[in-house]
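*Asks:* my questions concern the predicted model and sequence given below.
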Amino acid sequence: MIDLDEQIAQTLREHAEGDVDTHRLLRASRARGRRRQLHRRVAAGTALSLVGVLGIVGVTGTGLDGVTDRLPWSAATSTGVTPVPPRVAGVPGAAADPALVGSDPNVLHFGLDPSQARYLGWSVVRGHLESVRLSVRDGQQVYVEVTRTAGDLSSSVEFDNVEVDVTGPGVQSFDGTIHPLNGGTSGMVTSWHPAPSLYARAVILNGDGAGLEQAVEALRWNEARSCAVPLRLDALPEGAPINNCSVDVSSYPRLVTSDFTIGRAATQVMFVNYQYASGAGTRTAGNRTIAGRPAYLSPDGTTLDLLGTPRTEVRAVFAWGWDGKQPIGAEPGASSGFTEADATTVLAGARVVDDPTRPQSWK
Amino acid sequence: MTFEEYVASRGPALVRLARLLTGDEHRAEDLTQDTLSRAYVHWRRISRADRPDVYVRRMLVNANNSWWRRRSSRELAVDTVVDRPQRGDLGGEVADRDEMWRLILGLPERQRAVLVLRYYEDLDDATIAQILDCSPVTVRTHAMRAFANLRERCGAPTTNGSRP
């Protein structure tokens, strides 16, 4: 008679067996990844009218791109002072003028008391929402967002690649009651009106009600802060403003990422991604020159990288392929509406800080 | 390592792991594709992790748990296992493994994940703890409970070979 150990091992081997079509797996995963990337970017900052045009329904995610990417055990936990978006003088907070929420992609109309919570990231989506990701107590992560329309609040939030449904009975009451998350997920959610005509929601995963209450208490609605980033875009294509600004400092100072979305004519979009990694090298071998700096156009002609900044990548994604599985309503091979010339314009005007671990130099 | 290189080298192992976590061939393929699609989005970061494969396996386990949580009830109920075969013959051994498989699928998610990671992936408790985002002590607790469950339900004798 075989023992239980061996019986378990045999049983598992037997049921794990079977051929795997690696090519199909790669094709399908990549295609789904690209669609997911597009959805995240749409959620992050593209004019949401794009959602209607492309027929993407049930867009999830929060727009704080990158914060959810934090590598849970390998990321350096910051032990020193972490970046705090600076106060903007002369601009009222959301409590004084709720109509300002989402009005300027460069400004957050609320902040945190740094003695009670730490910033992990922040984001503004023009015309829709402002959000902050923060940590309280023993590093419990909390996501907070505020909008002027209840329908603009995210239906789900990602924490370390776990997608959490934040809708459910009672959550739409905006009365400040703390509810457990849906579906047996460990965490809490609360919704409230921080000011008349404003809708806010805070979510904590694997945390308790006390942690969520502390996060809510740490919010300051009477101040405005800059959506400070280690990259400034001084030149934009004609008629194409910045619609979204987001920053992730959850792994600061080892890793800092930031994303901009530039939109035009509602359905046209270009993304500019910044990433600083302390362990990265410096790329200088390019096939283009932009404003005297080396740059690299990808072989498929969809991305343009600005090179030469140590440990830093700056990438403009000005086109994308649908990989044969375009969103509903989009024609196969649909264009982003932007060209290499547009991306060149943006990168020519990009000002990258030399050392993002000195947040005072951020713009 | 590029995303393509990773899928080429580790994709089949991920699918096999998913088969054991889900108990369903089609769901396993879907789960693996879903996990890899998430990894694709964050690949620049994941590829810089000390152990990207551990990170991706954690994503897979998390995604499977989330999938189960969205369902109100499990399709497989351990209590339905009946007609225990007679031991001692080849057919009996095959039947034993079928029964064992049903019992493993009936375990709580975390207990099943620990068994799979320990007995199929042959990982140590520290690595399993990283994947499950818990302590090695918790891993051992899950393993002991899984063993107790299986022993109780299949009537297996206590063995010295069981890892603590």
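*Replies:* Structure received.

*Asks:* neighbours of A:E217, how many?
*Replies:* By other CB atoms under 10 Å in any protein chain shown, the residues close to A:E217 number 12. Glycine gets a C-beta too; all of them are placed from N, C-alpha and C.

*Asks:* quick check: which element contains it?
*Replies:* Assigned by DSSP states H and E, A:E217 belongs to helix A:209-218.

*Asks:* same question for A:P237.
*Replies:* If you go by DSSP H and E, A:P237 is not part of any helix or strand.

*Asks:* pretty sure it contacts A:D342?
*Replies:* Yes - using CB atoms under 8 Å, A:P237 is in contact with A:D342, at 4.2 Å.

*Asks:* more neighbours, the two?
*Replies:* Comparing A:P237 with A:D342 by other CB under 10 Å, the one with more neighbours is A:D342, at 23 against 20.

*Asks:* ok, that one - contacts?
*Replies:* Contact analysis of A:D342 by CB atoms under 8 Å, 6 or more residues apart in numbering or on different chains lists A:237, A:240, A:270, A:318.

*Asks:* where does chain B dip in pLDDT?
*Replies:* The model of chain B has pLDDT under 70 over residues B:49-50, B:66-96, B:155-164.

*Asks:* whoops, I mixed them up, the stretch 201-350 of chain A
*Replies:* Within the stretch 201-350 of chain A, the segments meeting pLDDT under 70 span A:265-267, A:320-336.

*Asks:* residues of it that sit close to chain B?
*Replies:* Residues of the stretch 201-350 of chain A found near chain B, taking CB under 8 Å from any CB of the partner chain as the criterion, are A:255, A:275, A:277, A:279-280, A:313.

*Asks:* may I have the strands that pair with the strand or helix carrying A:M270, each with its orientation?
*Replies:* A:M270 belongs to strand A:268-277 when assigned by DSSP H and E. The pairing partners recorded for strand A:268-277 under DSSP bridges are strand A:255-264 (antiparallel), strand A:312-317 (antiparallel).

*Asks:* just how off-centre is that strand within its chain?
*Replies:* 11 Å (CA atoms, centre = their mean, to the nearest Å).

*Asks:* where do the helices of chain B begin and end?
*Replies:* Remark: helices assigned in chain B by DSSP state H are B:3-22, B:25-41, B:43-46, B:52-69, B:90-105, B:109-115, B:125-132, B:136-154.

*Asks:* so which of these gets nearest A:P85?
*Replies:* A:P85 sits nearest to helix B:43-46 of all the helices of chain B, at 22.4 Å, using CB to CB.

*Asks:* which secondary structure elements does that closest one contact?
*Replies:* On a contact count with 3 or more CB pairs under 8 Å, 6 or more residues apart in numbering or on different chains; DSSP states H and E, helix B:43-46 meets helix B:52-69.

*Asks:* what's the angle from the helix it packs on to helix B:125-132?
*Replies:* Computed with axes from the mean of the first three to the mean of the last three CA atoms, to 10 degrees, the direction of helix B:52-69 lies at 50 degrees from that of helix B:125-132.

*Asks:* helix B:52-69: which residues count as buried?
*Replies:* The neighbour-count check on helix B:52-69 (16 or more other CB atoms under 10 Å in any protein chain shown) flags B:52-67, B:69 as buried.

*Asks:* what about that helix, distance to the chain center?
*Replies:* Put simply, helix B:52-69 sits 10 Å off its chain's centre (CA atoms, centre = their mean).

*Asks:* stretch B:122-142 now?
*Replies:* 12 Å.

*Asks:* measure it end to end?
*Replies:* End-to-end distance for stretch B:122-142, by CA to CA, to the nearest Å: 16 Å.

*Asks:* what count of nearby residues applies to A:L219?
*Replies:* 21.

*Asks:* gap between it and A:S251?
*Replies:* Distance check for A:L219 against A:S251: by CB to CB, to the nearest Å, it reads 23 Å.

*Asks:* name the nearest residue to whatever residue of chain B ends up closest to chain A, ignoring sequence neighbours.
*Replies:* Closest residue of chain B to chain A, CB to the nearest CB: B:Y40 (2.7 Å). Excluding its sequence neighbours, the residue lying closest to B:Y40 (CB to CB, 6 or more residues apart in numbering or on different chains) is A:G33, at 2.7 Å.

*Asks:* how about the one you found, what does it touch?
*Replies:* Here A:G33 is in contact with B:3, B:36-41 (CB under 8 Å, 6+ apart).

*Asks:* can you redo these as a markdown table with neighbour count?
*Replies:* A markdown table is the format used below for those (neighbours: other CB atoms under 10 Å in any protein chain shown):
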| residue | neighbour count |
| --- | --- |
| B:F3 | 19 |
| B:L36 | 27 |
| B:S37 | 19 |
| B:R38 | 25 |
| B:A39 | 24 |
| B:Y40 | 22 |
| B:V41 | 24 |
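
*Asks:* what's the neighbour count on the spatially closest residue to A:V20 that is not a sequence neighbour?
*Replies:* Closest residue to A:V20 apart from its sequence neighbours, by CB to CB, 6+ apart: B:P12 at 3.9 Å. By other CB under 10 Å, 17 other residues sit near B:P12.

*Asks:* can you pull out the strands in the stretch 51-200 of chain A?
*Replies:* A:107-108, A:111-112, A:118-125, A:129-136, A:140-147, A:156-159, A:162-165, A:175-180, A:187-192, A:199-205 (DSSP state E, counting those that start in this stretch).

*Asks:* ok, the fifth one: who's next to it in the sheet?
*Replies:* The reference is to strand A:140-147. strand A:129-136 (antiparallel), strand A:199-205 (antiparallel).

*Asks:* tabulate those in JSON lines, adding columns for mean neighbour count.
*Replies:* Formatted as JSON lines, the strands paired with strand A:140-147 follow (neighbours: other CB under 10 Å):
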{"stretch": "strand A:129-136", "mean neighbour count": "26"}
{"stretch": "strand A:199-205", "mean neighbour count": "25"}
